[in-house]
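Undergrad: Using only what follows, build the 3D model:
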Amino acid sequence: MPPPLPLRIERRLILALLALQVGLASVFIADFLVDVFRLRINPPSYTSREVMQIAAWVGLMLSLLISTLFFLSLMRERKRLERTADIARGAFADLIADSFDAWGLTPSEREVAMLAIKGFTNAEIARITGKAEGTVKAQSNAVFRKAGVGGRVQLICHFTETLLDDALPTGAATTGPEAPPAPAAVRP
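TA: Model prediction:
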């Protein structure tokens, strides 16, 4: 598969293609209107009219071919992006499952943790799961303690930092401040 064209060149080609199509379609429409309303004083010769129509037809066929190639290129790119997104979704799901296993979360804690990662509040998690809000809060705290994080934001940051660290080239240093150490677990 050939490499994609730079975006600015691709845009210019598409605009040129559209201009060609509009121009050629205008020629056919103008010729049709001139014939219908009998606006020609001296009609062109048959040969020149045929040459004009053949040139317009060739231009339209060429623009159709180029449009088809652009469309096929876009469809290939769409499939590639969908595969990439599927891989990323699978990698994120695997990362979450591996972390949950490493932390020793129970099935109920996994459910609460997943909903917390998705951004739901304790009240929303309680409504979704049918649990009491106090139970959800206790399970959330158990998840945070087992994960060694101080709350929802740090839980989410654990996964994003892991994904971003995996995306860095080998030997690249991370920029920005170091993450603060997780607060010590407080025993009730």
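
Undergrad: for residue 42, helix, strand, or coil?
TA: For residue 42, the assignment made with DSSP: H, G, I helix; E, B strand; the rest coil gives coil.

Undergrad: for residue 78, that is, sorry about that
TA: Once three-state DSSP is applied, residue 78 turns out helix.

Undergrad: That one and residue 71, how far apart?
TA: Residue 78 is 10 Å from residue 71, where distance means C-beta to C-beta, to the nearest Å. Heads up, the C-betas are built off the backbone N, CA and C, glycines and all.

Undergrad: Repeat that for residue 23.
TA: Using C-beta to C-beta, we find residue 23 at a distance of 21 Å from residue 71.

Undergrad: And residue 45, by the same measure?
TA: In terms of C-beta to C-beta, residue 45 sits 38 Å off from residue 71.

Undergrad: Residue 93 too?
TA: For residue 93, the distance to residue 71 - C-beta to C-beta - is 33 Å.

Undergrad: try residue 39
TA: For residue 39, the distance to residue 71 (C-beta to C-beta) stands at 38 Å.

Undergrad: go on, residue 135?
TA: Counting by C-beta to C-beta - residue 135 and residue 71 are separated by 54 Å.

Undergrad: The two: which has the busier surroundings?
TA: residue 135 (15 against 10; other C-beta atoms under 10 Å).

Undergrad: The more buried one touches residue 111, doesn't it?
TA: No - Residue 135 lies out of contact with residue 111 (C-beta atoms under 8 Å); the separation is 11.4 Å.

Undergrad: Can you say which helix or strand has residue 10 in it?
TA: Taking DSSP states H and E as the criterion, residue 10 maps to helix 7-36.

Undergrad: and that helix, what other elements does it pack with?
TA: helix 46-103 (3 or more C-beta pairs under 8 Å, 6 or more residues apart in numbering; DSSP states H and E).

Undergrad: ok, then the element right after the helix it packs on?
TA: helix 107-117.

Undergrad: quick one: that next one to chain centroid distance?
TA: Here helix 107-117 is found 26 Å from its chain centre; the criterion is C-alpha atoms, centre = their mean, to the nearest Å.

Undergrad: So which bits of that helix are buried?
TA: By 16 or more other C-beta atoms under 10 Å, the buried positions in helix 107-117 come out as 109-117.

Undergrad: Poorly predicted segments of this structure, please.
TA: When residues are selected by pLDDT under 70, those of the chain lie in 1-5, 166-188.

Undergrad: Can you report how many residues neighbour residue 88?
TA: Using other C-beta under 10 Å: residue 88 sits among 11 other residues.

Undergrad: mind checking how far it is from residue 81?
TA: Noted for residue 88: a distance of 10 Å to residue 81, by C-beta to C-beta.
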